[in-house]
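Undergrad: Need coordinates for the following:
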Amino acid sequence: MDGIPNYLDDDDDGDGVSTSLEAVDADGNPIDTDGDGDVDYLDNDDDGDGIPTADEDANMDGDPTNDDSDGNGVPD
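TA: Numbering: from 1, shown residues only. You can find the predicted model right below:
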C-alpha cells in the first residue's frame, strides 16, 4: 500500500503501527478488527470508522482517547 514490498517493510499498511504490533489472535494469526476482509496489518483503517489508523492516535501512546491535537489541554 505504501510502495515498499511487505517483506522489506516494518509497517505493511503504512498506518503508523508496526506490522509486528498489529492485532493477532491467541494463536498469533492476524485478525480483521472491523470485518472488512482486510487483516489489520494490511488495513489502513483497522476499526472501519473512516478515520485512517495513523490519524487516530496522534501522540502514539496507544490511547487515541487522550490526544490533544490543538494543544488546549483537553483531549479531542
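Undergrad: The spatially most central residue of the chain: what's its closest spatial neighbour, skipping adjacent residues?
TA: Nearest residue to the geometric centre of the chain (CA atoms, centre = their mean): residue 53, 4.1 Å. For residue 53, ignoring the flanking residues on the chain, the nearest one in space by CB to CB, 6 or more residues apart in numbering is residue 15 at 3.9 Å. (Each C-beta comes from the backbone N, C-alpha and C, glycine too.)
Undergrad: residue contacts, that neighbour?
TA: 43, 44, 45, 46, 52, 53, 54 (CB atoms under 8 Å, 6 or more residues apart in numbering).
Undergrad: Next, format those residues as TSV and append pLDDT.
TA: Converted to TSV, the contacts of residue 15 look like this (pLDDT from 0 to 100):
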residue	pLDDT
43	92
44	89
45	90
46	88
52	87
53	83
54	79
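Undergrad: out of those, which are buried?
TA: The neighbour count (16 or more other CB atoms under 10 Å) marks 43, 44, 45, 46, 53, 54 as buried among the contacts of residue 15.
Undergrad: What is the nearest of these to residue 11?
TA: residue 54 (9.2 Å; CB to CB).
Undergrad: what about the residue nearest to residue 53, which helix or strand?
TA: Under DSSP states H and E, no helix or strand contains residue 15.
Undergrad: any idea how far it lies from residue 72?
TA: 26 Å (CB to CB, to the nearest Å).
Undergrad: cool, residue 59 as well?
TA: Counting by CB to CB, the separation of residue 59 from residue 72 is 14 Å.
Undergrad: quick one: which of those two has more around it?
TA: residue 59 (12 against 8; other CB atoms under 10 Å).
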